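In: Return a 3D structure for these sequence lines:
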Amino acid sequence: METYLATFENGGTNVKMGVEVRDGTVRVAIGPGVERSFEALVELGEELTVVPDAVLDDYVLRNLPGDVEIEYIASVETGERLVVIRPSEDWTYDDFRLFIGEPDRLVERQVESVLRARDGGSTWIRFDFHGETAEVSFPVSDAATLTTGSGTYAIEPLPPETITSFSFECLENG
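Out: Alright, predicted model coming up:
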């Protein structure tokens, strides 16, 4: 028989999870974080139902959101705000998300491509903007711009704390 007990914090309270493997049968329980045995954990907590591996076959593995890095927060010459984010860990350029709009409703746009130069971070992001391709560029040694079908607009960086005053609308698949 093998028993594994792990304690973690949930909302300021210690919780313990236990796994017991006996003769090929697996049992899992969760309960108060002070218990020292699997049986006590079952008695004072809750035994969970272990499901067969096949139950997971229809699920798609997605990385948990985790912490987010803010790549850019900016004000566009048109009065709109622009925010670009990505996961803090284990990310690729496919993970970039771009939001643009009025501060009370920044709408996520489908990112088509992200290109970053080896000059220290110049970045170009192409995205869908009302059915047409737009591009935002953040060069290292020049001013940032947004180019749409109706023109090219200057972009001014904003301080990170500005994001707390924005409201975001995400794509359904985001």
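In: in this protein, which spans are helices?
Out: 38-44 (DSSP state H).
In: Quick one: low-confidence residue ranges for it.
Out: Where the chain drops to pLDDT under 70, the residues are 61-65, 173-174.
In: domains in it, as residue ranges please.
Out: 2-56, 68-169 (automatic domain parsing).
In: Export these as JSON lines, with columns for mean neighbour count.
Out: Just so you know, the C-beta spots here come from the backbone N, C-alpha and C atoms, and that holds for glycine as well. Listed next are the domains of the chain as JSON lines, based on neighbours: other Cβ atoms under 10 Å:
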{"stretch": "domain 2-56", "mean neighbour count": "13"}
{"stretch": "domain 68-169", "mean neighbour count": "15"}
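In: Return the residues in contact with the residue lying closest to residue 109 once chain neighbours are set aside.
Out: Of all residues not flanking residue 109 in the chain, residue 127 sits nearest, at 4.5 Å (Cβ to Cβ, 6 or more residues apart in numbering). By Cβ atoms under 8 Å, 6 or more residues apart in numbering, the contact set of residue 127 is 98, 109, 110, 111, 112, 133, 134, 135, 136.
In: Next: residue 106.
Out: Residue 106 sits next to 81, 82, 83, 99, 100, 166, 167, 168, 169 when contact means Cβ under 8 Å, 6+ apart.
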